[in-house]
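In: Starting from these lines, generate the structure:
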Amino acid sequence: MSVRSFFDNVPVHIDDDGVPAKQQRARDSVIEHRRGHTGVVPVQGLQEYFVTVTTKLKLEVGRTRGKVDCLPNST
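Out: Modelled structure (predicted):
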């Protein structure tokens, strides 16, 4: 049985280039857990991600929706 890791704010850090070191750690973590199929984002985390990156980081809604579809979720 593999241990699952829940990512809450990690996807936001991937898109926020204000702190490059944190952004890189978030990317590395997601890559590692995707390879092992051990990382998931709670549904609430997906909602918070969408709101945060479209309002605060000003990412396009369509592009963000596509990213949400690619994130492994816990449903």
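
In: residue contacts, the most centrally placed residue in the chain?
Out: In the chain, the residue lying closest to the centroid (CA atoms, centre = their mean) is P11, at 2.1 Å. Residues in contact with P11 (CB atoms under 8 Å, 6 or more residues apart in numbering) are A26, V30, V41, G45, Y49, V53, K67, L71. The C-beta positions use only the backbone N, C-alpha and C, and glycine is treated the same way.

In: how about the nearest residue to I14, chain neighbours excluded?
Out: Among residues not flanking I14 along the chain, A26 sits closest, at 4.8 Å (CB to CB, 6 or more residues apart in numbering).

In: The one you found: what secondary structure?
Out: At A26 the chain is in helix, as set by DSSP: H, G, I helix; E, B strand; the rest coil.

In: ok so, going back, next, the buried residues of the strand or helix carrying the residue nearest to the centre of the chain.
Out: For P11, the enclosing helix or strand under DSSP states H and E is helix 10-15. Across helix 10-15, burial judged by 16 or more other CB atoms under 10 Å covers V10, P11, V12, H13, I14, D15.

In: just how off-centre is it within its chain?
Out: The chain centroid and the centroid of helix 10-15 are separated by 5 Å, computed with CA atoms, centre = their mean, to the nearest Å.

In: quick revisit: check contacts around the residue nearest to I14.
Out: A26 makes contacts with V10, P11, H13, I14, as judged by CB under 8 Å, 6+ apart.

In: Include distance to G36 and pLDDT when you put the residues you listed into a markdown table, please.
Out: Converted to a markdown table, the contacts of A26 look like this (distance: CB to CB, whole Å; pLDDT from 0 to 100):
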| residue | distance to G36 | pLDDT |
| --- | --- | --- |
| V10 | 15 | 90 |
| P11 | 17 | 90 |
| H13 | 20 | 93 |
| I14 | 18 | 93 |
